[in-house]
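Student: got a structure for you, letters missing:
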């Protein structure tokens, strides 16, 4: 039973800490500090991607399983923070609205089916 408790504690720790750590690594302070050295910049960039890719599936498992609502709410918050961190890392200068806006030149959209 102790090993099961350790596994659950590790999963909850992933849910709780991956979002804030990824968000911290994408802050303006870290961004400007690592921009000076290309090797450190790539290490930080890969770290953010790895942290988010490890945490987000665990958070999705917690969101879609039948568990207490408090842990589910923490999973939603962690997933949101990871999403924000990935957006800040890889598409920092593109606003949220234009990420989801349909382009008028899209041949597969409603405008292209006329």
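Tutor: Looks like it arrived, so ask away. On a predicted model such as this, the values are computed, not experimentally measured, just so you know.
Student: can we go C-alpha only for contacts and neighbour counts from here?
Tutor: Noted.
Student: Give the closest residue to the one residue sitting closest to the centre of the chain in space, chain neighbours not counted.
Tutor: The chain has residue 82 as the residue nearest its centroid, 2.1 Å off, counting by Cα atoms, centre = their mean. Sequence neighbours aside, residue 19 is the residue nearest to residue 82 in space, at 4.6 Å (criterion: Cα to Cα, 6 or more residues apart in numbering).
Student: Same question for the one you found, what's its three-state structure.
Tutor: helix (DSSP: H, G, I helix; E, B strand; the rest coil).
Student: so who does it touch?
Tutor: Residue 19 sits next to 52, 55, 77, 78, 79, 80, 81, 82, 85 when contact means Cα atoms under 8 Å, 6 or more residues apart in numbering.
Student: Could you check how far it is from residue 59?
Tutor: According to Cα to Cα, to the nearest Å, residue 19 stands 10 Å off from residue 59.
Student: tell me, what's touching those two both at once?
Tutor: Common neighbours of residue 19 and residue 59 (Cα under 8 Å, 6+ apart) are 78, 79.
Student: Let's verify the residue nearest to the centre of the chain: helix, strand, or coil?
Tutor: helix.
Student: do residue 67 as well
Tutor: Classified using three-state DSSP, residue 67 is coil.
Student: same deal with residue 57?
Tutor: helix.
Student: So what's the residue count around it?
Tutor: 13 (other Cα atoms under 10 Å).
Student: do residue 18 as well
Tutor: Neighbour tally, residue 18, other Cα under 10 Å: 24.
Student: Would you agree the residue nearest to the centre of the chain is in contact with residue 23?
Tutor: Yes. Using Cα atoms under 8 Å, residue 82 is in contact with residue 23, at 6.9 Å.
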